[in-house]
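A.B. asks: Need a 3D model of the sequence below.
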Amino acid sequence: MKTGTVLLALLLCAVTVCASDIVRFESGMMFDHQEHKREVGMCSYCHESTPGKISGFGKEWAHKTCIGCHKDFREGPVMCAGCHKQTNRKD
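C.D. replies: You can find the predicted model right below:
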């Protein structure tokens, strides 16, 4: 019984993550997952294998991968304010 409950909880979490349109990060970055799925069309461009957390994801990964793709293929934002909301943070 516990295994079924755990599997159901995992399934619900996966559906919630996949269904979410806008992902907001602590850095202030906002990411429209549905739009990227439509535009890029290949989960493997960002995800190593099965969709989920991206191994090695962080500032360096995002700047290289996201901005690189935006410049080369998609004409997406390449300036800070294009992905990050304006805050008064002093990082």
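
A.B. asks: Strands along the protein, start to end?
C.D. replies: 22-24, 30-32 (DSSP state E).

A.B. asks: averaged over its residues, what pLDDT does the first one have?
C.D. replies: Spelled out, it's strand 22-24. Strand 22-24 carries an average pLDDT of 84.

A.B. asks: and if you look at stretch 81-91?
C.D. replies: Here the average pLDDT along stretch 81-91 is 65.

A.B. asks: returning to that earlier point: most tightly surrounded among the strands of the chain?
C.D. replies: strand 30-32 (a mean of 14; mean count of other C-beta atoms under 10 Å). Just so you know, the C-beta spots here come from the backbone N, C-alpha and C atoms, and that holds for glycine as well.

A.B. asks: contacts for it?
C.D. replies: Asp21, Ile22, Val23, Arg24, Phe25, Cys83, His84, Lys85 (C-beta atoms under 8 Å, 6 or more residues apart in numbering).

A.B. asks: Check the separation of the first and last residues in stretch 50-70.
C.D. replies: Start-to-end span of stretch 50-70 (C-alpha to C-alpha, to the nearest Å) is 23 Å.

A.B. asks: contacts for that stretch?
C.D. replies: Residues contacting stretch 50-70 (C-beta under 8 Å, 6+ apart): 17-18, 27, 29, 40, 43, 45-48, 76-78, 83.

A.B. asks: Tabulate those (JSON lines), appending distance to Cys69 and neighbour count.
C.D. replies: Output for the contacts of stretch 50-70, formatted as JSON lines (distance: C-beta to C-beta, whole Å; neighbours: other C-beta atoms under 10 Å):
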{"residue": "Val17", "distance to Cys69": "21", "neighbour count": "13"}
{"residue": "Cys18", "distance to Cys69": "21", "neighbour count": "12"}
{"residue": "Ser27", "distance to Cys69": "18", "neighbour count": "15"}
{"residue": "Met29", "distance to Cys69": "15", "neighbour count": "16"}
{"residue": "Val40", "distance to Cys69": "8", "neighbour count": "14"}
{"residue": "Cys43", "distance to Cys69": "14", "neighbour count": "14"}
{"residue": "Tyr45", "distance to Cys69": "7", "neighbour count": "11"}
{"residue": "Cys46", "distance to Cys69": "9", "neighbour count": "17"}
{"residue": "His47", "distance to Cys69": "13", "neighbour count": "14"}
{"residue": "Glu48", "distance to Cys69": "16", "neighbour count": "12"}
{"residue": "Gly76", "distance to Cys69": "7", "neighbour count": "15"}
{"residue": "Pro77", "distance to Cys69": "11", "neighbour count": "13"}
{"residue": "Val78", "distance to Cys69": "10", "neighbour count": "14"}
{"residue": "Cys83", "distance to Cys69": "12", "neighbour count": "20"}
